[in-house]
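*Asks:* Please find the sequence and the predicted model below.
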Amino acid sequence: MAVAAKQRDRTHYLYIAVIAAVALGILVGFAAPGVAVELKPIGAGFVNLIKMMISPIIFCTIVLGVGSVRKAAKVGAVGGLALGYFLVMSTVALAIGLLVGNILEPGSTLHITEAAREAGAEQAGGAGESTADFLLGIIPTTIVSAFTEGEVLQTLLVALLAGFGLQAMGKAGEPVIRGITHIQRLVFRILAMIMWAAPVGAFGAIAAVVGETGLDALKSLAIIMIGFYVTCALFVFVVLGALLRLIAGVNLFSLLKYLGREFLLILSTSSSESALPRLIAKMEHLGVSKPVVGITVPTGYSFNLDGTAIYLTMSSLFIANAMGDPLSAGEQISLLVFMVIASKGAAGVTGAGLATLAGGLQSHRPELVDGVGLIVGIDRFMSEARALTNFAGNAVATVLVGHWTKEIDRGRVGEVLAGRLPFDERTLVDDGHGPAPADEVPEQRDSAPAEQPAKV
């Protein structure tokens, strides 16, 4: 165990290196912006490495979670609760964004330029997707294409079908479940190896965005940036914090501290998708059952758009004010509800919020599309807060859904958040809910049947 502890401690140096890489990237971005912009592929490459692991991780997690549940109705209850919660919280985030946006009136002192018009038109050109296209897009061309195309919702559909199929097979499906358990361990081990490239990816991503944006572009847009960050902070610490404490009895700051490394990863890559695999692993380690984690987390990444809702709200008000054509109360509500619905699937993708904003304006108020170019320069910085808020919302949602369905080990939650049951950074796999004996041999657990979800 001493050896394992020593190996686990090594990961602390990894995240110290990430912080140093972010600082160095900012320095290079200001000192040599031309060189910094050329480093963009480095950051994109690291995020792509993470993304290639998302489909197999989601598949294994959901199949193991659903396949180990004997009653399919339980899976439906979890999904229904999760979607209902996501809808309510997106509406709350929308209302908070409207309130703050109308108080601050961002953009009223700015004037659009020809360059901004061209940038806005470019964003609108590639935006927009009908509801029918979205629904048909959930169905993959083949079962294999769900993995090769990297579509989260397609993988979710295939995994649910496979999980229900294993349910119907009964004992005959147990060898398949054990095989997928081994595959899951392999996938998480590969992910742990990829994470050692995080400092390099963080350096490239931060250097490129600072080199592209510079300081001058941020000065005139500081009001909306600061207002957006403050609004996101209020939503996370006041709204989500109160819900988590009153409903589940969990301290938000303890949960955020537990997920500190994931927040650092999101901050350095500007994409909540880069932390999705680790969120799945950590929520299971926290004590939430596999079915709840497997359904709530992937679904939340497509439908739980708290940060995106706030972003779309404030950005729309900002653009309308800057164009000298403020939105009426009715226009605000109809436009922004449309964009929250249209933004499904965009939560974890860097820059998708900007395309959704342009597409929504093109659909409802075409005369405002040119104004999208005003925030192109700061979208990446707003994307940081957007991704952090979405991630925090998904973490809180997983705990709350686990509480409502009684699929959470409350005793384990306390032990984990207190630091007495540390997360295994070497494997990223939790082999079961509840403290494992210190001398338990992993190979002994490998041959055991899939565990039933822990209940309070």
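*Replies:* Perfect, I can see it now.
*Asks:* What residues of the biggest helix by length in the chain count as buried?
*Replies:* For the chain, the helix with the greatest residue count under DSSP state H is helix 72-104. Neighbour counts using 16 or more other CB atoms under 10 Å place 74-75, 77-79, 81-83, 85-86, 89-90, 92-94, 96-98, 100-102, 104 of helix 72-104 among the buried residues. Yep, even glycine has a C-beta here, placed from its N, CA and C like the rest.
*Asks:* and if you look at stretch 245-259?
*Replies:* Those buried within stretch 245-259 under the rule 16+ other CB under 10 Å are 248, 250, 252, 254-256, 258-259.
*Asks:* Quick one: low-confidence residue ranges for the stretch 251-400 of the chain.
*Replies:* 270-271, 338-356, 359-360, 362-364, 370, 373-381 (pLDDT under 70).
*Asks:* Now do the helices in it.
*Replies:* Applying DSSP state H, counting those that start in this stretch to the stretch 251-400 of the chain gives helices spanning 252-258, 260-269, 276-286, 290-303, 306-322, 329-342, 352-364, 376-404.
*Asks:* Distance to Leu240 for those - can I get that in a markdown table?
*Replies:* Output for the helices of the stretch 251-400 of the chain, formatted as a markdown table (distance: least, CB to CB, whole Å):
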| stretch | distance to Leu240 |
| --- | --- |
| helix 252-258 | 6 |
| helix 260-269 | 14 |
| helix 276-286 | 15 |
| helix 290-303 | 13 |
| helix 306-322 | 8 |
| helix 329-342 | 17 |
| helix 352-364 | 20 |
| helix 376-404 | 5 |
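*Asks:* For Asp424, find the nearest of those helices.
*Replies:* helix 276-286 (7.8 Å; CB to CB).
*Asks:* any idea of the angle the closest one forms with helix 290-303?
*Replies:* 150 degrees (axes from the mean of the first three to the mean of the last three CA atoms, to 10 degrees).
*Asks:* For helix 276-286, give me every contacting residue.
*Replies:* 50, 53-54, 57-58, 61, 188, 191, 258-259, 261-262, 265, 290, 293-294, 297-298, 301, 348, 391, 394-395, 398-399, 412-413, 416-417, 421, 423-424, 428-430, 433 (CB atoms under 8 Å, 6 or more residues apart in numbering).
*Asks:* Asp424 in helix, strand or coil?
*Replies:* State at Asp424, reduced to three classes by DSSP: H, G, I helix; E, B strand; the rest coil: coil.
*Asks:* Now do the closest residue to Met382 other than its chain neighbours against Ala93, distance only.
*Replies:* Leaving aside its sequence neighbours, Met382 sits nearest to Phe228 (CB to CB, 6 or more residues apart in numbering; 5.6 Å). Distance from Phe228 to Ala93, counting by CB to CB, to the nearest Å: 12 Å.
*Asks:* Repeat that for Val200.
*Replies:* Taking CB to CB as the measure, Val200 falls 34 Å from Ala93.
*Asks:* and if you look at Phe164?
*Replies:* Phe164 is 32 Å from Ala93, by CB to CB.
*Asks:* repeat for Val100
*Replies:* 11 Å.
*Asks:* do Arg386 as well
*Replies:* 11 Å.
*Asks:* hey, what's in contact with both of the two?
*Replies:* In contact with both Arg386 and Ala93: 307, 310, using CB under 8 Å, 6+ apart.
*Asks:* and of the helices of the stretch 251-400 of the chain, who's closest to Val22?
*Replies:* Taking CB to CB, helix 260-269 is the member of the helices of the stretch 251-400 of the chain nearest to Val22, at 5.3 Å.
*Asks:* Distance-wise, check the closest residue to His403 other than its chain neighbours relative to Val396.
*Replies:* Leaving out its chain neighbours, the residue that sits closest to His403 by CB to CB, 6+ apart is Ala248, at 4.3 Å. Ala248 is 9 Å from Val396, where distance means CB to CB.
*Asks:* centroid residue for this protein?
*Replies:* Ser272 (3.6 Å; CA atoms, centre = their mean).
*Asks:* isn't that one right up against Asn390?
*Replies:* Yes - here Ser272 reaches Asn390: they are 5.0 Å apart, a contact under CB atoms under 8 Å.
*Asks:* Please save the CA atoms from the helix or strand where Val176 lies in PDB.
*Replies:* Using DSSP states H and E, the element containing Val176 is helix 174-194. Taking C-alpha atoms only, helix 174-194 is exported to PDB below (Å, rounded to 0.1, in the frame of the first residue of the first chain):
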ATOM      1  CA  GLU A 174     -22.900 -11.900 -16.800                       C
ATOM      2  CA  PRO A 175     -19.800 -13.000 -18.700                       C
ATOM      3  CA  VAL A 176     -20.300 -10.100 -21.000                       C
ATOM      4  CA  ILE A 177     -20.600  -7.700 -18.100                       C
ATOM      5  CA  ARG A 178     -17.400  -9.100 -16.600                       C
ATOM      6  CA  GLY A 179     -15.700  -8.600 -20.000                       C
ATOM      7  CA  ILE A 180     -16.900  -5.000 -20.200                       C
ATOM      8  CA  THR A 181     -15.700  -4.400 -16.700                       C
ATOM      9  CA  HIS A 182     -12.100  -5.300 -17.800                       C
ATOM     10  CA  ILE A 183     -12.400  -3.100 -20.900                       C
ATOM     11  CA  GLN A 184     -13.500  -0.200 -18.600                       C
ATOM     12  CA  ARG A 185     -10.400  -0.600 -16.500                       C
ATOM     13  CA  LEU A 186      -8.300  -0.600 -19.600                       C
ATOM     14  CA  VAL A 187      -9.900   2.500 -21.000                       C
ATOM     15  CA  PHE A 188      -9.500   4.400 -17.700                       C
ATOM     16  CA  ARG A 189      -5.900   3.300 -17.500                       C
ATOM     17  CA  ILE A 190      -5.300   4.700 -21.000                       C
ATOM     18  CA  LEU A 191      -7.000   7.900 -19.900                       C
ATOM     19  CA  ALA A 192      -4.700   8.200 -16.900                       C
ATOM     20  CA  MET A 193      -1.700   7.900 -19.200                       C
ATOM     21  CA  ILE A 194      -3.100  10.600 -21.500                       C
END
